[in-house]
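Student: the following comprises the amino acid sequence and a computationally predicted model.
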Amino acid sequence: MKLILVRHGKPETQAGATPANPPLSALGREQAGHVGQYLAETAVDAIFHSGMARAAGTAQPLADRLAKVPEAIANLGEVDRYGVDYANAEIIRARGEAEWRRFLGDPIGYFGIDPKRFRSETLDAYADLLARRHLETVAIFTHGFPINILLGQALGLDGMGHFLPDYGSITRLAGSSLDRLAVVSVNETAHLSGRFSGASA
């Protein structure tokens, strides 16, 4: 199976705490449009997203172009799928050096979430997808940590914060199971310039 992982577009955030599950910002909607345009000529068999507003919103332009109904998989959501406040890397950096170091030391635990549970649930969701043998290419609209988790699984890396995928970026993997994965690309962003009308993959 070919997996096209798309990080959601930039969400709407606010000063101070941002409640869980924020929607896309205006820039995020623009990024979603670029993703949809770029992937529209790809032979995608199915579209999945985490069910969170920013991932669902990013998936919608491609779903509209391909006339496909996306399927939500909750365990491909970010840490705020558990209801904790949302915070991205920019927000945490703005809290100061001490907070940033605390986050880097335990990226999932920083939010009060059990890292083992989060990783296990996320990998189980990917495994269930890989078991759908009738699908050859899928687009998965997800989040930074779930993308990190699958890349870490493929590359044999410990921890969950090795990569910082850009908003609207594309990461590609291929394989038949969690134990048989190959990384094809990481953090593709050229399509976000809007210069691409579509590309087959």
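Tutor: Nice, thanks for sending it over.
Student: show me where the chain has strands.
Tutor: Here the chain has its strands, by DSSP state E, at 2-7, 46-49, 71-72, 137-142, 170-177, 180-188.
Student: which among the ones you listed is found nearest to residue 30?
Tutor: strand 2-7 (14.4 Å; Cβ to Cβ). Backbone N, C-alpha and C define where each C-beta goes, glycine included.
Student: and the helix or strand bottoming out on mean pLDDT in the chain, which residues are buried?
Tutor: None of the helices or strands of the chain scores lower by mean pLDDT, DSSP states H and E than helix 89-94, at a mean of 91. Neighbour-count burial for helix 89-94, counted by 16 or more other Cβ atoms under 10 Å, picks out 91-92.
Student: same check on stretch 112-121?
Tutor: 113, 115, 118-119, 121.
Student: now do that stretch: everything it contacts.
Tutor: 75, 79, 82, 84, 106-109, 145, 149, 160 (Cβ atoms under 8 Å, 6 or more residues apart in numbering).
Student: could I get the CA-only coordinates of stretch 156-171 as PDB?
Tutor: Taking C-alpha atoms only, stretch 156-171 is exported to PDB below (Å, rounded to 0.1, in the frame of the first residue of the first chain):
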ATOM      1  CA  GLY A 156      13.400   2.100  13.900                       C
ATOM      2  CA  LEU A 157      13.700   5.400  15.900                       C
ATOM      3  CA  ASP A 158      12.900   5.800  19.600                       C
ATOM      4  CA  GLY A 159      10.800   8.800  20.600                       C
ATOM      5  CA  MET A 160       8.100  10.700  18.800                       C
ATOM      6  CA  GLY A 161       9.600  14.100  18.000                       C
ATOM      7  CA  HIS A 162      12.300  13.600  15.300                       C
ATOM      8  CA  PHE A 163      10.500  15.500  12.500                       C
ATOM      9  CA  LEU A 164       8.500  18.700  12.300                       C
ATOM     10  CA  PRO A 165       6.300  18.400   9.200                       C
ATOM     11  CA  ASP A 166       5.100  21.700   7.800                       C
ATOM     12  CA  TYR A 167       1.400  22.600   7.600                       C
ATOM     13  CA  GLY A 168       0.000  21.100   4.400                       C
ATOM     14  CA  SER A 169       3.200  19.000   3.800                       C
ATOM     15  CA  ILE A 170       3.200  15.500   2.300                       C
ATOM     16  CA  THR A 171       5.100  12.500   3.600                       C
END
